[in-house]
Each structure stands twice: as C-alpha cells, then as structure tokens.
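Trainee: 3D, please:
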Amino acid sequence: QVQLVESGGGLVQAGGSLRLSCAASGRTFSSYAMGWFRQAPGKEREYAAAIGWSAGSTYYSDSVKGRFTISRDNAKKMVYLQMNSLKPEDTAVYFCTAGRKGDLATMSGYDYWGQGTQVTVSS
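Mentor: Below you'll find the predicted structure:
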C-alpha cells in the first residue's frame, strides 16, 4: 500500500516556475515507478511525466518535454516535478501516482493516486 500527498501548487504568471512535491508512505516506495498526470477543467486526465523506480529513466509527454523535470528521492520517499516556462494551458490539477504495471504513459499503469494539487497559470 502506498499513500501519496501532493503539495506545491499555486498561482503563477506565464513564464514562471513551480515545483510540485509528492510525499509517499509505504515500505515499498522504491519499487514503484512514479508519475505525474494532470486534469484541466472539462478535460480528461492526461499523462505529463514518469520516472522509473531507480530514477535512471525519465519520460515526458510532448506537451511538457523540455520544460518540466521529474525526479525522485527514494531515501526521503519523495517525487518532484519542476515546472519551468509555464503556460496558461498548463493550468490543471496535478496528480502524483505510483505503479508497477509497466505502461507509464496511461492511467492503467498505476495503482495509487494522490488527491491532487491545483496549478493555475495566468496570462
């Protein structure tokens, strides 16, 4: 069992930066791949970034590649999403997720979800 709690969301102007954090509980955290998804109002939840259990591999959607960086600290049971050059279209609730099912770019690849943190980017 893994419990996830996101933090770090807020209101930022376009071009600014935010760093999201995800605190995990559970003794098996280091065996899970971790991901960040986001959901804008009226839209489906979409994949943003993922990181393998050892942090050796990172993956990004085309919409965030080059602007967002995912990282993890297994000793602290933390996952981070550094978001730079933010755009109004990045406005969404951001969810942290943990999984061991292989397909990291789809929701079906994950077992556990946090409650989300709101990110609002003003133009």
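
Trainee: from here on, contacts and neighbour counts on C-alpha atoms
Mentor: OK.

Trainee: ok, Ile70 touching Thr58?
Mentor: Yes: assessed by CA atoms under 8 Å, Ile70 is found in contact with Thr58 at 7.0 Å.

Trainee: shared neighbours, those two?
Mentor: Each of Ala49, Ala50, Ile51 lies in contact with both Ile70 and Thr58 under the rule CA atoms under 8 Å, 6 or more residues apart in numbering.

Trainee: Give me the more crowded residue out of Ile70 and Thr58.
Mentor: Neighbour tally, Ile70 and Thr58, criterion other CA atoms under 10 Å: the higher count belongs to Ile70, 24 against 17.

Trainee: From the centroid of this structure, which residue is nearest?
Mentor: Trp36 (2.2 Å; CA atoms, centre = their mean).

Trainee: Quick one: residues contacting that one.
Mentor: Tyr47, Ala48, Ala49, Ala50, Leu81, Tyr94, Phe95, Cys96, Thr97.

Trainee: now Thr106
Mentor: Listed by CA under 8 Å, 6+ apart, the contact partners of Thr106 are Glu46, Tyr47.

Trainee: I'd like to know how far it sits from Ser31.
Mentor: Using CA to CA, to the nearest Å, Thr106 is found at 19 Å from Ser31.

Trainee: swap in Thr69?
Mentor: Per CA to CA, Thr69 is found 20 Å from Ser31.

Trainee: Please identify which of these two sits among more neighbours.
Mentor: Thr69 (19 against 14).

Trainee: wait, that one sits on Gln82?
Mentor: Yes: between Thr69 and Gln82 there is a contact under CA under 8 Å: 5.0 Å.

Trainee: How much space separates Ala23 from Gly16?
Mentor: Here Ala23 is placed at a distance of 23 Å from Gly16 (CA to CA).

Trainee: typo on my end, Met78
Mentor: Distance, Met78 to Gly16, using CA to CA: 23 Å.

Trainee: for Met83, same thing?
Mentor: 8 Å.

Trainee: Now do the same contact list for Cys96.
Mentor: Cys96 sits next to Leu4, Val5, Glu6, Cys22, Met34, Gly35, Trp36, Phe37, Trp113, Gly114, Gly116 when contact means CA under 8 Å, 6+ apart.
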